[in-house]
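[1] one predicted model, sequence on top.
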Amino acid sequence: MLLIIKDISERKNTEDELIRIKKAFEVASNAIWITDHRAEMVVYCNTSFKQLFKYSGEELNKTGGSLALYADPAAAKAVFNKVRNQGSFTSEVVLKTKDGQVLFINLYADVVKDESGKPVAYMGIATDITEKKRIEAELIESRQRLSDIIQFFPDPVVAIDKEGRVTAWNSAMENLTGIEAENMLGKGDYEYS
C-alpha cells in the first residue's frame, strides 16, 4: 500500500512539473515548437509561435510540417542534418509566415533523445530579428550615402571618431596629402598626424 501511495505521489509531482514547464513555454516571448522524430510533424507550438508564424501546429502539419517554415527547402534540410548529426544548431535563418512574409530568425534547434540515444523529437526556439536586420541595412545604406557625399566633396575632408580613428578621408584629402584613403581609414592614436 505504501508503494502505491509513493508511486501516486511521484506521478503527481511529475505531472505538476510538466504543467510548470508547459506554462513557461506558453509565456515565453520566443517562438517554441517541438516536432516528431523526423522533424516533420509539429506536436507542440507555443502562443508566440502561433503569433509570429500565423500557424497553429495542425495547420502547419497540413502544409508539410515544420520544414514548410523555411524560405529555402535546401536550407531546411541542411539545418535538420546539422541538428541530427551534431545535436544542436544556432544560427540565423530565413523563415516565412503562413501569409508568405519573410522573417530573419535567430534559430536554436536541438534534438531530444531517449535513454538509448535514439531521436524522439526535435525542438526549435526562434527569435525574430527581422527589424534588427532592417535597421542594420538602413544604417549601412546611410553610411554609404554619407561616404559618397564626403568622397565627392571638393574640399579636403577628414573625419575622426570618438576613439580617435579616421573614419573619412576623401579624394581631395588624398590629393592634398598624397596619402590614399585606404592607408588612413581606421588609423588611430594620431597615426594620421
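    Yep, it's here.

[2] for the residue nearest the centre of the chain, which non-adjacent residue is closest in space?
    Geometric centre of the chain, nearest residue: residue 106, 0.9 Å, by Cα atoms, centre = their mean. Closest residue to residue 106 in three dimensions, ignoring its sequence neighbours and counting by Cβ to Cβ, 6 or more residues apart in numbering: residue 127, at 4.4 Å. In short, each C-beta sits where N, CA and C put it, glycine included.

[3] likewise for residue 96?
    residue 71 (5.0 Å).

[4] neighbours of the one you found, just the number please.
    Number of residues near residue 71 (other Cβ atoms under 10 Å) recorded here: 14.

[5] and residue 82, by the same measure?
    So residue 82, with other Cβ under 10 Å, has 15 neighbours.

[6] kindly report the same for residue 169.
    Residues lying near residue 169 (other Cβ under 10 Å) number 25.

[7] residues contacting residue 59?
    Going by Cβ atoms under 8 Å, 6 or more residues apart in numbering, residue 59 touches residue 98.

[8] in a helix, it, correct?
    Yes - assessed with DSSP: H, G, I helix; E, B strand; the rest coil, residue 59 lies in a helix.

[9] just the CA trace of the longest strand seen in the chain, in CSV.
    Counting by DSSP state E, the longest strand found in the chain is strand 102-113. Output of strand 102-113 as CSV, limited to C-alpha atoms (Å, rounded to 0.1, in the frame of the first residue of the first chain):
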residue,chain,number,x,y,z
VAL,A,102,9.9,36.6,-44.9
LEU,A,103,11.4,36.7,-41.4
PHE,A,104,15.0,36.8,-40.3
ILE,A,105,15.3,34.4,-37.4
ASN,A,106,17.9,33.6,-34.8
LEU,A,107,17.2,29.9,-34.5
TYR,A,108,18.3,27.5,-31.8
ALA,A,109,17.4,23.9,-32.7
ASP,A,110,18.1,20.7,-30.7
VAL,A,111,17.4,17.0,-30.8
VAL,A,112,15.6,15.2,-27.9
LYS,A,113,16.9,11.7,-27.5
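
[10] what does that strand contact?
    With Cβ under 8 Å, 6+ apart, strand 102-113 has contacts from 34, 52, 71, 79, 83-84, 87-97, 119-130, 132-133.

[11] got any ranges where the chain has weak pLDDT?
    For the chain, applying pLDDT under 70 flags the ranges 1-9, 189-193.

[12] what segments of it are strands?
    Under DSSP E, the chain gives strands at 31-35, 42-45, 88-96, 102-113, 119-128, 158-160, 166-169.

[13] mean neighbour count, those: which tops it?
    Here the criterion is mean neighbour count by mean count of other Cβ atoms under 10 Å, and of the strands of the chain the winner is strand 31-35, at a mean of 22.

[14] list the helices and strands that strand packs on?
    On a contact count with 3 or more Cβ pairs under 8 Å, 6 or more residues apart in numbering; DSSP states H and E, strand 31-35 meets strand 42-45, helix 47-53, strand 119-128.

[15] could you export those as JSON lines, including distance to residue 187?
    Formatted as JSON lines, the helices and strands packed on strand 31-35 follow (distance: least, Cβ to Cβ, whole Å):
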{"stretch": "strand 42-45", "distance to residue 187": "52"}
{"stretch": "helix 47-53", "distance to residue 187": "44"}
{"stretch": "strand 119-128", "distance to residue 187": "37"}
